[in-house]
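Undergrad: Got a predicted structure plus its sequence, pasted below:
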Amino acid sequence: MDRFISPRQTQRFLSVHDQAATIFRPKHHRLSAAAYRQSRADAFSLWNNYAAEMAA
């Protein structure tokens, strides 16, 4: 965190990072391999949809 200019900038980054990270880090120790793969596929699908909306 030494590279952030201010505590506010750090907080903004971490709040956005936390929201995105939760999508991509399912609790795989609680899922079967097939469910984990499906969860990852769903996450990437969501991310692609969000990115397409932001680009439009």
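TA: Happy to help now that I have it. Numbering: from 1, shown residues only.

Undergrad: State the helix or strand in which Ala52 lies.
TA: Ala52 is part of helix 33-55, with elements assigned from DSSP states H and E.

Undergrad: List the buried residues in that helix.
TA: Across helix 33-55, burial judged by 16 or more other Cβ atoms under 10 Å covers Ser39, Arg40, Ala43. Every C-beta, even on glycine, is put in place using the N, C-alpha and C of the backbone.

Undergrad: now the last one: how far from Tyr36?
TA: With distances taken as Cβ to Cβ, to the nearest Å, Ala43 is found 11 Å from Tyr36.

Undergrad: what touches both of the two?
TA: Contact criterion Cβ atoms under 8 Å, 6 or more residues apart in numbering; residues shared by Ala43 and Tyr36: Pro26.

Undergrad: related to what we said a few turns ago, what is the helix holding Ala52 packed up against?
TA: Using 3 or more Cβ pairs under 8 Å, 6 or more residues apart in numbering; DSSP states H and E, the elements in contact with helix 33-55 are helix 7-24.

Undergrad: In terms of secondary structure, what does the helix it packs on contact?
TA: Here helix 7-24 touches helix 33-55, going by 3+ Cβ pairs under 8 Å, 6+ apart.
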